[in-house]
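Asker: Sequence below, structure please.
(chains A, B, C and D)
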Protein chains: 2
Amino acid sequence: MATIYEVSKLAGVSLATVSRVMNNNARVSDKTKKKVLDAMQTLGYRPNAIAQSLASSRSNSIGILVSELHGPFFGQMMSGIEAALRTAGKHVIITTGHSEEDKEKDGIEFLIGRNCDAIIAHVEAVSDEYLIDINKGKVPVYLMSRHVDAIKDKCISLNDEVGGYLATKTLIDLGHRQIAYIAGPQFKADASNRLQGHKRALAEHNLSFNEDLFFIGDFKETGGMDGLRHFLDNNYQFSALVCANDEMASGAMKYAREHNIVLPEQLSIVGYDNVIFANYLYPTLTTIDNPVYEMGRMAAQLVLKQVYQQKKHDIVQVFEPTVILRDSVAHFNH
Amino acid sequence: MATIYEVSKLAGVSLATVSRVMNNNARVSDKTKKKVLDAMQTLGYRPNAIAQSLASSRSNSIGILVSELHGPFFGQMMSGIEAALRTAGKHVIITTGHSEEDKEKDGIEFLIGRNCDAIIAHVEAVSDEYLIDINKGKVPVYLMSRHVDAIKDKCISLNDEVGGYLATKTLIDLGHRQIAYIAGPQFKADASNRLQGHKRALAEHNLSFNEDLFFIGDFKETGGMDGLRHFLDNNYQFSALVCANDEMASGAMKYAREHNIVLPEQLSIVGYDNVIFANYLYPTLTTIDNPVYEMGRMAAQLVLKQVYQQKKHDIVQVFEPTVILRDSVAHFNH
DNA sequence: TTGTAGGCGTTATCAG
DNA sequence: CTGATAACGCCTACAA
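Answerer: Modelled structure (predicted):
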């Protein structure tokens, strides 16, 4: 590992000059610059990022904290962030929080300890207070899919209410009037917001919310099966079903098929999340897509703008989902 | 940010002593240790990992280089590595190579520049020579899903030949004798190895490889559709089909359904990779599962053993896939 | 435009 | 068991 010192000796200049050509900020004559560059070349010199970071207390790297390293949500989010940052010459340091308070705090402190210039975090277990507090420190912490009012300029979030609205509106526009709804656990903010959207869509079209056609599931396949069974066993009448996520929609489809209900002719189904398998179900599932990759990109641009003073970015902080129309819905024919 | 210096002043001891209690290697009297710990507590002291790393030239963090941050393969791999490393108190720094030579080299050098104690890389574009060469440096580079003989003690790989064998053997065991095969692009090592396995399974059961029942696809849905169409249009006879990955299997299933072929009664299908949607297809897809998470864990254990001298790990370097039996295959009834 | 020297927060090698 | 003190590799005023 050649150091800056050896480069300076070979080039016959001082340490400072070498440093200058590396960061080409201060003016250096073309001649000496070339000498230095040549010396670097022949020595195969690579700057030591750690030493740079210690000396300058900046690192050109951004910390990312996600709950898990797998799964389409985090995958897309990380990819979006990384893509935007890489084009700006910044690097990314990723670690995990596993949705546990201790580990999330650990992760954030690890990233701070690595001199990250900023942190982009998807955290669920730590309190708002902690986040507000940590943001008083030297390194700013940005939040994904979470809104904390006191630091709202550092938040990127998703409008689940609109998503829920769209899901139901799609069915109403197709002529459906009796629409069942299988919700997710209501202590989860996203599940509850999606339900609000559903209710608004009904209300706006003069349809009343019917408790008979409402079921709370577990966000898994079983939830969808249980919900549909519940509606069917009670002989409630409905021509369409909204599930608050694709897993439950898949479960409902399975149950429908096992009970010889023809999809979508006898029952239209809409899911939520647009996970990959939604496009592989039979029939392919109409669902709500979250622009997760875009949110990642935007978080990165926010950092670029606020931390590195890049002016050129237009910032959007609240993202809206869209409908992905596939084969699981049909016009209602009475 | 309190530093070690302030701690030492508050505790009334020297810098060296504070450092000693942090790394509790050298013996320190209980009294002074307590004084130091108290001082740390009241100051909210956090060691600066960068400074530690610079001084000790070790970082307790391992670099990971993946092609992409999204996708189930890399997700599972990263999760496996991280899980094993975290329990050992090590951290992980992740970056990407995007399957391009320049970026892969960049990524590795970035990680070296961050003083990683080791690197676990999934690289496809750089040459064997580069990898051998870089491994002569101070930081060892381990390879995922790649075998380079000169550094074979640093390689974790997957036996695709066995996977291909199992896929076909599963069908033979169910009584099938005429088995079509849709392969992946043969310049890819995994695709070609899977095909070898298929041929071995046939040979071992005295079945000859029939060019008529062989098609090379693109590893995407279209490849599966094109392949099945080819076989059908030519009126070739077969009762089962192996696809070299799940995407193509899904395409084939779609095509079969559109042409009123009842699955699995009229045609058994086996995929490869066990991606998530395989379990959501209709019928659910029998496929070959790669123990990717386990491979990640093992890579981490390899590092723990070779770099950090932890003795306790039993190392497996070549992993074998297994069959996941689902509803897309049936006994052959003639 | 270039060089000098002090410092970034720790570790590690000496003595004591 | 504890304390000075020189590294670690680089940045950055301040001088020249």
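Asker: In contact with the residue sitting furthest away from the middle of chain A, which residues?
Answerer: Relative to the mean C-alpha coordinate of chain A, counting by CA atoms, centre = their mean, the farthest residue is residue A:12 (50.5 Å). Contact partners of residue A:12, counting by CB atoms under 8 Å, 6 or more residues apart in numbering or on different chains, are residue A:35. In short, each C-beta sits where N, CA and C put it, glycine included.
Asker: could you pull out the strands for the stretch 51-200 of chain A?
Answerer: Using DSSP state E, counting those that start in this stretch, the strands of the stretch 51-200 of chain A run over residues A:61-66, A:91-96, A:118-121, A:141-144, A:155-158, A:179-183.
Asker: mind showing which ranges of the stretch 1-150 of chain A have poor pLDDT?
Answerer: For the stretch 1-150 of chain A, not a single residue meets the criterion pLDDT under 70.
Asker: Close to DNA strand C: what parts of it are there?
Answerer: Listed as neighbours of DNA strand C in the stretch 1-150 of chain A under the rule CB under 7 Å from any atom of the strand: A:12-17, A:20, A:26-29, A:31-33, A:54-55, A:57.
Asker: for the strands of the stretch 51-200 of chain A, which one sits closest to DNA strand D?
Answerer: strand A:61-66 (13.8 Å; CB to the nearest atom of the strand).
Asker: What helices and strands are in contact with the closest one?
Answerer: Judged by 3 or more CB pairs under 8 Å, 6 or more residues apart in numbering or on different chains; DSSP states H and E, strand A:61-66 is in contact with helix A:72-87, strand A:91-96, helix A:101-113, strand A:118-121.
Asker: so what does the third one touch, helix or strand wise?
Answerer: With contacts taken as 3+ CB pairs under 8 Å, 6+ apart, helix A:101-113 sits against strand A:61-66, strand A:91-96, strand A:118-121, helix B:49-56.
Asker: Mind telling me which residue of chain A is nearest DNA strand C?
Answerer: Using CB to the nearest atom of the strand, the closest approach of chain A to DNA strand C is made by residue A:27 at 2.6 Å.
Asker: ok, how many other residues are close to that residue?
Answerer: 7 (other CB atoms under 10 Å in any protein chain shown).
Asker: and it, backbone torsions?
Answerer: The phi/psi pair for residue A:27 (degrees, to the nearest 10) reads phi -80, psi 130.
Asker: Pull up the gap between it and residue A:36, please.
Answerer: Plainly put, residue A:27 is 14 Å away from residue A:36 if you go by CB to CB, to the nearest Å.
Asker: for residue A:133, same thing?
Answerer: With distances taken as CB to CB, residue A:133 is found 45 Å from residue A:36.
Asker: Could you look up the SS state of whichever residue of the stretch 201-334 of chain A sits closest to DNA strand D?
Answerer: Residue nearest to DNA strand D within the stretch 201-334 of chain A: residue A:308 (13.8 Å; CB to the nearest atom of the strand). With DSSP: H, G, I helix; E, B strand; the rest coil as the basis, residue A:308 sits in coil.
Asker: wouldn't it be in contact with residue A:88 here?
Answerer: Yes: between residue A:308 and residue A:88 a contact is recorded at 7.3 Å, counting by CB atoms under 8 Å.
Asker: picking that back up, any chance of the helices and strands packed on helix A:101-113 in JSON lines with mean neighbour count as columns?
Answerer: Putting these into JSON lines (neighbours: other CB atoms under 10 Å in any protein chain shown) gives the following:
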{"stretch": "strand A:61-66", "mean neighbour count": "26"}
{"stretch": "strand A:91-96", "mean neighbour count": "25"}
{"stretch": "strand A:118-121", "mean neighbour count": "26"}
{"stretch": "helix B:49-56", "mean neighbour count": "19"}
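Asker: mind putting the ones you listed in JSON lines, distance to residue B:185 included?
Answerer: As requested, those are arranged in JSON lines below (distance: least, CB to CB, whole Å):
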{"stretch": "strand A:61-66", "distance to residue B:185": "33"}
{"stretch": "strand A:91-96", "distance to residue B:185": "31"}
{"stretch": "strand A:118-121", "distance to residue B:185": "36"}
{"stretch": "helix B:49-56", "distance to residue B:185": "43"}
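Asker: Please identify which of those is closest to residue B:206.
Answerer: Evaluated with CB to CB, the helices and strands packed on helix A:101-113 place strand A:91-96 nearest to residue B:206, the distance being 51.1 Å.
Asker: quick revisit: the residues of the stretch 1-150 of chain A next to DNA strand C, buried ones only, as a ChimeraX selection?
Answerer: To isolate the buried members of these in ChimeraX, using 16 or more other CB atoms under 10 Å in any protein chain shown:
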select /A:13,17,20,28,32,33,54
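Asker: So which of the residues of the stretch 1-150 of chain A next to DNA strand C belong to helices?
Answerer: Counting by DSSP state H, these place A:15, A:16, A:17, A:20, A:31, A:32, A:33, A:54, A:55 in helices.
Asker: what are the bridge partners for residue A:118, then?
Answerer: Beta-bridge pairing for residue A:118 (DSSP bridges): residue A:62.
Asker: so which of the helices and strands packed on strand A:61-66 is the most packed in?
Answerer: Among those, the stretch with the highest mean neighbour count (mean count of other CB atoms under 10 Å in any protein chain shown) is strand A:118-121, at a mean of 26.
Asker: what does the stretch 101-250 of chain A put close to chain B?
Answerer: Residues of the stretch 101-250 of chain A lying near chain B by CB under 8 Å from any CB of the partner chain: A:109, A:110, A:112, A:113, A:114, A:115, A:138, A:250.
Asker: ok, the second one to residue A:101 distance?
Answerer: The span separating residue A:110 from residue A:101 equals 15 Å under the rule CB to CB.
Asker: Ok, residue A:141 next?
Answerer: Counting by CB to CB, the gap from residue A:141 to residue A:101 is 15 Å.
Asker: Contact partners for the residue nearest to residue A:274 when sequence neighbours are not counted?
Answerer: Among residues not flanking residue A:274 along the chain, residue A:289 sits closest, at 3.9 Å (CB to CB, 6 or more residues apart in numbering or on different chains). Neighbouring residues of residue A:289 by CB under 8 Å, 6+ apart: A:273, A:274, A:321, A:322, A:323, A:324.
Asker: Now for the third one: which residues touch it?
Answerer: In other words, residue A:321. Contacts of residue A:321 by CB under 8 Å, 6+ apart are A:158, A:159, A:160, A:162, A:163, A:166, A:288, A:289, A:290, A:291.
Asker: Of those residues - the most surrounded one?
Answerer: Using other CB under 10 Å as the neighbour criterion, residue A:288 leads those with 28 neighbours.
Asker: Settle this for me: that residue is touching residue A:249, isn't it.
Answerer: No: applying CB under 8 Å, one finds residue A:288 not in contact with residue A:249, separated by 10.5 Å.
Asker: Name the residues contacting each of these two.
Answerer: By CB under 8 Å, 6+ apart, residue A:288 and residue A:249 have these common neighbours: A:270, A:271, A:272.
Asker: Could you give the backbone dihedrals for the last one?
Answerer: According to degrees, to the nearest 10, the main-chain angles of residue A:272 amount to phi -160, psi 130.
Asker: That one and residue A:245 touch, don't they?
Answerer: Yes: counting by CB under 8 Å, residue A:272 touches residue A:245, with 4.9 Å between them.
Asker: Neighbour count: these two, which is higher?
Answerer: For residue A:272 and residue A:245, the more surrounded residue by other CB under 10 Å is residue A:272, and the numbers stand at 30 against 25.
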